[in-house]
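**Student:** can you look at this prediction? I've put the sequence above it.
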Amino acid sequence: MTKGERLRLKVATVLAMIQVGERRGVGRHPGLIMIDSPAAQEVAPEDLRELLSGLKTVCEELPHLQIFVAGMASKAMSDHIPSSRRREAANGGYLW
């Protein structure tokens, strides 16, 4: 498997475990997921869009879940993450 495939599999596994735990009322996940630079893991642009779309769907299903995705600004991010929930560096500068 490529690095991108492994990343997508890890994210899908974690989200599935959280969803099953929520439905069954079991588990103690803290409700926070952090994904750092998904596009750096050889993720194709279409795969990044699908990953973000899936994360958006899970957030709608589980509104208390917090998901942070850090990475370069891209069309995929702006298409799936509303501007009210995005922080972007101005004029190519640093965010922090």
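**Tutor:** Sure thing, it's come through. The model shown is predicted, which means the values in this text are computed figures rather than measured ones. Numbers count the residues shown, from 1 in each chain.

**Student:** please count neighbours and contacts with C-alpha atoms only from this point.
**Tutor:** Fine.

**Student:** look up how far Asn91 lies from the residue lying closest to Val69 once chain neighbours are set aside.
**Tutor:** Distances taken as CA to CA, 6 or more residues apart in numbering put Ile35 closest to Val69, at 4.8 Å, once the chain neighbours are dropped. Using CA to CA, to the nearest Å, one obtains 24 Å as the distance from Ile35 to Asn91.

**Student:** higher neighbour count, those two?
**Tutor:** For Ile35 versus Asn91, neighbours defined as other CA atoms under 10 Å are more numerous around Ile35 (12 against 6).

**Student:** now for the host helix or strand of that one, which elements pack on it?
**Tutor:** Per DSSP states H and E, Ile35 falls inside strand 32-36. Counting contacts by 3 or more CA pairs under 8 Å, 6 or more residues apart in numbering; DSSP states H and E, strand 32-36 packs against strand 66-70.

**Student:** ok, and what's touching the strand it packs on?
**Tutor:** With CA atoms under 8 Å, 6 or more residues apart in numbering as the test, strand 66-70 has contacts from Gly31, Leu32, Ile33, Met34, Ile35, Asp36, Ser37, Pro38, Leu55, Cys59.

**Student:** beta partners for the second one?
**Tutor:** Spelled out, that is Leu32. Beta-bridge pairing of Leu32 under DSSP bridges involves Gln66.
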